[in-house]
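Novice: Pasting a predicted model and its sequence here:
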Amino acid sequence: MATPKNGGLQMTDDMIFDKKQALVHEILTTRRELKMTQKGVEAECGVKQPVIARMERGLTDPQLTTVLKVLAPLRKTLAIVPLEEA
């Protein structure tokens with residue numbers, strides 16, 4: 001992890017990609033564990049099934065609001081946590 005001059009931590013593009021992949025994997029895994037279809041998630045959160053499909057395939061960079069809406073029926077949310085220094 002690079003350390004900018006101001007002493008803060010900076011995430012590389014690869015690190016951001018990895019975090020996004022982990023989030024998508026968690027959404028897909030949780031949905032399957034709950035035996036929910038993409039249509040079922042759509043019915044509960046209002047995000048259209050094709051948007052959910054593109055999100056799960058990693059073909060889109062969804063807005064934070066969309067991610068939070070999709071996570072709600074999966075009984076999940078996001079949390080802000082400190083970055084681990086490598």
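Specialist: In hand now; what should we look at?

Novice: In space, what's closest to residue 64 - neighbours in sequence excluded?
Specialist: residue 78 (7.8 Å; CB to CB, 6 or more residues apart in numbering). Any C-beta I mention is one placed from the backbone N, CA and C, and that applies to glycine too.

Novice: What residues does residue 28 make contact with?
Specialist: residue 56 (CB atoms under 8 Å, 6 or more residues apart in numbering).

Novice: isn't there a helix covering it?
Specialist: Yes: under DSSP: H, G, I helix; E, B strand; the rest coil, residue 28 sits within a helix.

Novice: Give me the residue at the spatial middle of this protein.
Specialist: Centroid-nearest residue in the chain: residue 23, 3.6 Å away (criterion: CA atoms, centre = their mean).

Novice: Look up how far residue 29 lies from that one.
Specialist: Residue 23 sits 11 Å away from residue 29, going by CB to CB, to the nearest Å.

Novice: Please apply the same query to residue 83.
Specialist: For residue 83, the distance to residue 29 - CB to CB - is 23 Å.

Novice: go on, residue 56?
Specialist: Taken as CB to CB, the span from residue 56 to residue 29 is 10 Å.

Novice: who has more neighbours, the two?
Specialist: residue 56 (17 against 11; other CB atoms under 10 Å).

Novice: Now that one: closest residue in space that isn't a chain neighbour?
Specialist: The shortest distance from residue 56 to any non-neighbouring residue, by CB to CB, 6+ apart, is to residue 28 (4.9 Å).

Novice: The one you found and residue 70: what is the separation?
Specialist: 11 Å.

Novice: any idea how far the residue nearest to residue 56 is from residue 50?
Specialist: 15 Å.

Novice: Distance from stretch 73-86 to the middle of the chain?
Specialist: Chain-centre distance of stretch 73-86: 10 Å, with CA atoms, centre = their mean, to the nearest Å.

Novice: now swap in stretch 27-46 and tell me
Specialist: 14 Å.

Novice: swap in stretch 20-30?
Specialist: Mean-position distance between stretch 20-30 and its chain equals 6 Å (CA atoms, centre = their mean).

Novice: Many thanks, have a good one.
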